[in-house]
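Undergrad: sequence and predicted structure below; questions after.
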Number of protein chains: 2
Amino acid sequence: MKRRDFFAASVAAVAAASASSIVKADCTTDEWDGKSPNQSSKAKLRISSQIHIIPGDKDEDKFERMRKWGIEGVELSGWHTNDPDYWKRVITDNGLTPSAVCWGSHNGDLCSDVVEKRQQGVDDLKKALEGAGKIGCTGVIYVPAFNGQTKLTNQEIRKVLMDTFPALAEFAAECGTNIILEPLNRGEAYFLRQVADGAAIARDVNNGKGIGVMGDFYHMSIEETDMMGAFISAGSYLKHVHLAGGTTDPRRTIPGQNKTRFVEGFRGLKYIGYDKFCSFECGVRGDKEVEIPKACEFLRREWELAVI
Amino acid sequence: MKRRDFFAASVAAVAAASASSIVKADCTTDEWDGKSPNQSSKAKLRISSQIHIIPGDKDEDKFERMRKWGIEGVELSGWHTNDPDYWKRVITDNGLTPSAVCWGSHNGDLCSDVVEKRQQGVDDLKKALEGAGKIGCTGVIYVPAFNGQTKLTNQEIRKVLMDTFPALAEFAAECGTNIILEPLNRGEAYFLRQVADGAAIARDVNNGKGIGVMGDFYHMSIEETDMMGAFISAGSYLKHVHLAGGTTDPRRTIPGQNKTRFVEGFRGLKYIGYDKFCSFECGVRGDKEVEIPKACEFLRREWELAVI
């Protein structure tokens, strides 16, 4: 078949996609003609951490250390959303701010090839969104399917998301939170590996209302060719960032413990005026009392070095 | 299965990917610490066009108009590579420069689910690369598969490329040219829709030696969330650009005839210091003698307005 025939055949498919959702990329705006869209002056490095990474017997002990080390945000796990009142109170009483909920795929139910399983996936995600909204979280981090969790092809998974997510993202927005798509690397999830792809799904679903994307420096170090480009592509759809070193030894460790640099990515975050959280999801080698504050200092230096 | 188990299970797959090819994204360089990687001073808007778009009875008439209108580059079709000596001579004798060869998928043979067809795909592409190299073209624009041309899933298509392309890209480099992957929109080709994905394939195949990616403003207007981010992700892998208006009426027309702006994309091209060709692949409404030079002027103004 010739190229031209494909153009004709595809008009309907593209029109369907563009009627509802293609907003920014057609670039009909003159907002930035002759002036820079560089939003650096608005950008802030706000460090967060998953709770379990922080040493301390009680939650309060952990929170005290986080405050001392300048870690402002608390990233929660799925089970925390079962007791939203407690977590909202204990976090804010300790002078911190909830960031995102690291939820995952829940067996990939929502995108299962077994159609009967999908409703459970929807219900579980709704419950997490409800709790996340009450706690005041930016969103619920969602992985459509880890490798092996569904027999659907990429196209079929995307269709399930397009069918299911407009209502779910609307629900998230009503809860005051977001579904946050997490691109992973090919070894963990072949569907959704790049930040720009996640951003395009968020746009196509609901033009970003109640749905966004995140970037994880570890996965990005495998899948992206340029960290700055990836974050600029995410733009206003970017709701969260995971901090971890890349694939050099030791792998996926806390920033500064392997050779991975953060300057290139931070340039992108600065350009889009990112002021949401960058959160530790990583291992720590050695004494956490020493290594975690050292990582925070390292990141602050990287942020300063990120000139656009 | 828990997230942690996936981390463990995936180490082998990721290690395989990273050993050969993950270079830039792990960001271990300190090249740009504290200074900007902005390459604007190196960037140039060099306009090219597919020959058939230009009015004129003979090739020489077309080339004369191109020179007059400031169109420096000539984009060829696949069949031109059958007579490389003629095309090299006639283009350069007329003071122009060959840009890319628009080749397509050749029925998707190379990625066919019918294994026996694949060798034909390889042979055809090699022949085109040989001709393109002789003419002095930047590369041969290649689409792995239009929708319907293969039953392989995205993962399977990617694997075929990873198996086949290291030798093919090496061959392209020996010919002095490149395989140029073209991301299209979902209506034409579901596999490979974003520029960053194409760039990652080029990196994974051969770290960019003999293989690169292109961006087409029309397809990008459907699939990308940010033109600047997409081009920065392409970086040094970017070998060619197609110029066409996006989906607003009239669709895929010559720049300036619909509402599509080019400033955002040009910002990305400037940032990466792009100095290869931007080439018309589009329809033209009205009198070509008036509309084509008008489009060139429009693009030059857009280029000036693209401030980083």
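TA: The structure has been received and is ready for your questions. Just so you know, these numbers come straight off a predicted model, no measurement behind them.

Undergrad: report the contact partners of residue A:223.
TA: By Cβ atoms under 8 Å, 6 or more residues apart in numbering or on different chains, residue A:223 lies in contact with A:183, A:185, A:186, A:193, A:194, B:25, B:200. All C-beta atoms are positioned from the backbone trio N, CA, C, and that covers glycine.

Undergrad: restricted to helices, list the residues you listed.
TA: If you go by DSSP state H, these have residue B:200 in helices.

Undergrad: stretch A:65-84: how far from the chain's middle?
TA: Relative to its parent chain, stretch A:65-84 has a centroid offset of 16 Å by Cα atoms, centre = their mean, to the nearest Å.

Undergrad: residue ranges of the strands in the stretch 151-300 of chain A, please?
TA: Under the criterion DSSP state E, counting those that start in this stretch, the stretch 151-300 of chain A carries strands at the ranges A:179-181, A:211-216, A:238-243, A:277-280.

Undergrad: by contact count, what packs against the second one?
TA: It stands for strand A:211-216. In terms of contacts (3 or more Cβ pairs under 8 Å, 6 or more residues apart in numbering or on different chains; DSSP states H and E), strand A:211-216 is packed against helix A:154-174, strand A:179-181, helix A:195-206, helix A:227-234, strand A:238-243.

Undergrad: mind giving me JSON lines with those and columns for mean neighbour count?
TA: Output for the helices and strands packed on strand A:211-216, formatted as JSON lines (neighbours: other Cβ atoms under 10 Å in any protein chain shown):
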{"stretch": "helix A:154-174", "mean neighbour count": "18"}
{"stretch": "strand A:179-181", "mean neighbour count": "27"}
{"stretch": "helix A:195-206", "mean neighbour count": "26"}
{"stretch": "helix A:227-234", "mean neighbour count": "31"}
{"stretch": "strand A:238-243", "mean neighbour count": "26"}
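
Undergrad: residue B:98: which of the ones you listed is closest?
TA: Judged by Cβ to Cβ, the one of these that comes nearest to residue B:98 is helix A:227-234, at 28.3 Å.

Undergrad: just checking, what packs against that closest one?
TA: For helix A:227-234, the packing partners by 3+ Cβ pairs under 8 Å, 6+ apart are helix A:195-206, strand A:211-216, helix A:217-223, helix A:263-271, helix B:195-206, helix B:227-234.

Undergrad: now do the helix or strand hosting residue A:99, average pLDDT.
TA: Counting by DSSP states H and E, the element that carries residue A:99 is strand A:97-104. For strand A:97-104, mean pLDDT rounds to 98.

Undergrad: so what's the residue nearest the centre of chain A up against?
TA: Per Cα atoms, centre = their mean, the C-alpha nearest to the average position across chain A is that of residue A:214, at 2.0 Å. Neighbour list for residue A:214: A:100, A:141, A:180-183, A:195, A:198, A:238-242 [criterion: Cβ under 8 Å, 6+ apart].

Undergrad: from residue B:209, how far off is it?
TA: In this view, residue A:214 and residue B:209 are 32 Å apart by Cβ to Cβ, to the nearest Å.

Undergrad: same deal with residue A:216?
TA: Using Cβ to Cβ, one gets 29 Å for the distance from residue A:216 to residue B:209.

Undergrad: more neighbours, those two?
TA: Shown here are residue A:216 and residue B:209; by other Cβ atoms under 10 Å in any protein chain shown, residue A:216 has more neighbours (24 against 14).

Undergrad: now the more buried one: closest residue in space that isn't a chain neighbour?
TA: Leaving aside its chain neighbours, residue A:216 sits nearest to residue A:242 (3.7 Å; criterion: Cβ to Cβ, 6 or more residues apart in numbering or on different chains).

Undergrad: specify the beta-bridge partners of the one you found.
TA: residue A:216, residue A:279 (DSSP bridges).

Undergrad: and it, how far from chain B?
TA: When distance is defined by Cβ to the nearest Cβ, to the nearest Å, residue A:242 is 12 Å away from chain B.

Undergrad: surely that residue touches residue A:277?
TA: No. Between residue A:242 and residue A:277 there is no contact under Cβ atoms under 8 Å: 9.6 Å.

Undergrad: distance check, the nearest residue to residue A:265 once chain neighbours are set aside against residue A:283.
TA: Leaving aside its chain neighbours, residue A:265 sits nearest to residue A:227 (3.6 Å; criterion: Cβ to Cβ, 6+ apart). Going from residue A:227 to residue A:283 by Cβ to Cβ gives 21 Å.

Undergrad: ditto for residue A:50
TA: 11 Å.

Undergrad: which one of the two is surrounded by more residues?
TA: Under the criterion of other Cβ under 10 Å, the comparison of residue A:50 against residue A:283 puts residue A:50 first, with 18 against 15.

Undergrad: ok, now which ones touch residue A:114?
TA: Shown in contact with residue A:114 (Cβ under 8 Å, 6+ apart): no residues.

Undergrad: least confident secondary structure element in chain A?
TA: Using mean pLDDT, DSSP states H and E, the weakest-scoring helix or strand in chain A turns out to be helix A:3-21, at a mean of 42.

Undergrad: show me the contacts for residue A:268.
TA: Going by Cβ under 8 Å, 6+ apart, residue A:268 touches A:227, A:228, A:229, A:230, A:231, A:232, B:229.

Undergrad: I meant residue A:252, not that one.
TA: Residues near residue A:252 by Cβ under 8 Å, 6+ apart: A:218, A:244, A:245, A:246, A:282, A:283, B:7.

Undergrad: wait, which of those residues is closest to residue A:76?
TA: Proximity of the contacts of residue A:252 to residue A:76 was ranked by Cβ to Cβ; the top entry is residue A:282 with 16.5 Å.

Undergrad: got phi/psi on the closest residue in space to that closest one that isn't next to it in sequence?
TA: Nearest non-adjacent residue to residue A:282, counting by Cβ to Cβ, 6+ apart: residue A:244, 3.6 Å away. Phi and psi for residue A:244, reported as degrees, to the nearest 10, are phi -170, psi 150.

Undergrad: tell me the contacts of residue A:75?
TA: A:48, A:49, A:50, A:51, A:99, A:100, A:101, A:102, A:277, A:279, A:280, A:281.

Undergrad: doesn't it belong to a helix?
TA: No. Read with DSSP: H, G, I helix; E, B strand; the rest coil, residue A:75 is strand and lies in no helix.

Undergrad: would you mind measuring from it to residue B:307?
TA: Going from residue A:75 to residue B:307 by Cβ to Cβ gives 37 Å.

Undergrad: what do you get for residue A:124?
TA: In terms of Cβ to Cβ, residue A:124 sits 47 Å off from residue B:307.

Undergrad: same question, residue A:50
TA: Counting by Cβ to Cβ, the gap from residue A:50 to residue B:307 is 39 Å.

Undergrad: is it true that residue A:198 touches residue A:189?
TA: No. With contacts counted by Cβ under 8 Å, residue A:198 stays clear of residue A:189, the gap being 11.3 Å.

Undergrad: tell me how many other residues crowd the closest residue to chain B within the stretch 51-200 of chain A.
TA: Taking Cβ to the nearest Cβ, chain B has its nearest neighbour within the stretch 51-200 of chain A at residue A:187, 3.0 Å off. By other Cβ under 10 Å, 22 other residues sit near residue A:187.

Undergrad: same thing with residue A:256?
TA: Number of residues near residue A:256 (other Cβ under 10 Å) recorded here: 19.

Undergrad: next, it: phi, psi?
TA: Main-chain dihedrals, residue A:256, degrees, to the nearest 10: phi 100, psi -20.

Undergrad: what residue ranges in the stretch 101-250 of chain A score low on pLDDT?
TA: For the stretch 101-250 of chain A, no stretch is flagged by pLDDT under 70.
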